[in-house]
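Peer 1: here is my input, please return the structure:
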Amino acid sequence: MEKTFNKLFFYYLLILSSAVIFYISNYSFIDNKPTCNNFVINVYLYLAISICLIGLFAYLINHILFNKTSNYYKPLNIDFIFDTIGTPFYFLSIAFSFIFIILISISSDFDNENIFYNHALWLLFLFVIAITLFPRFKDINSYGFIDDAILITSLIFVTMTGFYYLFSEFFNTFSSSIGMGLIVALIVIIIIELIQLLFGTYSASYMKFMSYIVILLFSLYVSYDTMEVVQKEKLCTSLPNYPKLSIGFFLDVLNIFNRVLFLKSK
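Peer 2: Alright, predicted model coming up:
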């Protein structure tokens, strides 16, 4: 049986995180304040460090839960993982993730003096997201597909980012229509999922179909959010709120990753 939370991968994450933090400190800040210089690159840097921090937080959670036990490196049954975390605590983490994302969404994009507050809120959001993702990293039925899911998600993200730059004129011309269409599609999917959760039973074929739909939707969101970041660069005069500006990309990646992992792990 292969190991979960291998120390070698942890060292890779530390090195990558250190490199990204170095670039953020040197290119995203001037005199300890966020700058508009390299705006789009800075948003991508914050996305990169967000993903790295999810991994590091997951290692921390694994250390807290299974330190000095035989289960530290062992993939486990999902029920045992939830029992160890505490199911109420897990669902409380989900609730807090919604609270934090709402607080982030209502913060200002620019001219915001609350730099520490914005970053603290962002870090708390990433930590509770790491708690919700942790069972998938440790689950015996899904841990072996994490690498594949990361690779596929990365390919989708790069492809759909390039898709915007190839057809930027189309996106800029019909931005309002595209945005409204994506919002309506997202609301419809949420309603369908809630109805199915409350009154129906999930079948494998239904979950597979919905996963493909969600992947397609958030792939389009990657292109749309790329357009929004490029447009906001033109509006930036001072103090961009990079944690908020990167969160759209992060949620796109998170939803694509979750559904890809589900399809891979069956």
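
Peer 1: so which residues of this protein form strands?
Peer 2: With strands called from DSSP state E, the chain shows them at 29-30, 33-34.

Peer 1: so can I have JSON lines of those showing mean pLDDT?
Peer 2: Formatted as JSON lines, the entries for those read as follows, by pLDDT from 0 to 100:
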{"stretch": "strand 29-30", "mean pLDDT": "88"}
{"stretch": "strand 33-34", "mean pLDDT": "90"}
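
Peer 1: okay if I get these as TSV plus mean neighbour count and distance to Ile49?
Peer 2: From N, CA and C alone the C-beta is placed, and that goes for glycine too. Rendered in TSV, the data for the strands of the chain read as follows (neighbours: other CB atoms under 10 Å; distance: least, CB to CB, whole Å):
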stretch	mean neighbour count	distance to Ile49
strand 29-30	13	13
strand 33-34	18	14
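
Peer 1: centre of the chain to the longest helix that the chain contains, how far?
Peer 2: When secondary structure is assigned using DSSP state H, the longest helix within the chain turns out to be helix 204-235. Going by CA atoms, centre = their mean, to the nearest Å, the spacing between the C-alpha centre of helix 204-235 and its chain's C-alpha centre is 12 Å.

Peer 1: can you give me the buried ones in it?
Peer 2: Counting neighbours by 16 or more other CB atoms under 10 Å, one finds that the buried residues in helix 204-235 are 210-211, 214-215, 217-230, 232-233.

Peer 1: show me what that helix is packed against.
Peer 2: For helix 204-235, the helices and strands in contact under the criterion 3 or more CB pairs under 8 Å, 6 or more residues apart in numbering; DSSP states H and E are helix 39-66, helix 146-166, helix 168-173, helix 175-199, helix 242-265.

Peer 1: pLDDT at Ser203, what is it?
Peer 2: Per-residue confidence at Ser203 stands at 72 (pLDDT).

Peer 1: burial count for it?
Peer 2: Residue neighbour count, defined by other CB atoms under 10 Å, stands at 10 for Ser203.

Peer 1: name all residues that make contact with it.
Peer 2: Neighbouring residues of Ser203 by CB atoms under 8 Å, 6 or more residues apart in numbering: there are none.

Peer 1: residues near Ile24, how many?
Peer 2: Using other CB under 10 Å, the number of residues around Ile24 comes to 17.

Peer 1: need the contact list for the residue lying closest to it once chain neighbours are set aside.
Peer 2: Across the structure, with CB to CB, 6 or more residues apart in numbering as the measure, the residue nearest Ile24 apart from its sequence neighbours is Leu45 (5.1 Å). Contacts for Leu45 were tallied using CB under 8 Å, 6+ apart; they are Val20, Tyr23, Ile24, Tyr27, Ser28.

Peer 1: got it, and Val43?
Peer 2: Residues in contact with Val43, defined by CB under 8 Å, 6+ apart, are Val229, Tyr242, Leu245, Ser246, Phe249.

Peer 1: turn the residues you listed into a markdown table, including distance to Ser142 and pLDDT.
Peer 2: Formatted as a markdown table, the entries for those read as follows, by distance: CB to CB, whole Å; pLDDT from 0 to 100:
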| residue | distance to Ser142 | pLDDT |
| --- | --- | --- |
| Val229 | 31 | 94 |
| Tyr242 | 31 | 95 |
| Leu245 | 31 | 95 |
| Ser246 | 26 | 95 |
| Phe249 | 23 | 96 |
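
Peer 1: and these, which is closest to Gly179?
Peer 2: Sorting the contacts of Val43 by how near they are to Gly179, with CB to CB, puts Val229 at the top with 13.6 Å.

Peer 1: which of the contacts of Leu45 fall within helices?
Peer 2: Per DSSP H, the subset of those in helices is Val20, Tyr23.

Peer 1: point out where the stretch 1-150 of the chain drops to low pLDDT.
Peer 2: Within the stretch 1-150 of the chain, the set of residues satisfying pLDDT under 70 comprises 1.

Peer 1: quick one, which of the contacts of Leu45 are buried?
Peer 2: For the contacts of Leu45, burial is judged from neighbour counts taken by 16+ other CB under 10 Å, and it is met by Val20, Tyr23, Ile24, Ser28.

Peer 1: tell me the one of those residues nearest Lys68?
Peer 2: For the buried ones among the contacts of Leu45, the residue nearest Lys68 by CB to CB is Val20; the value is 31.1 Å.
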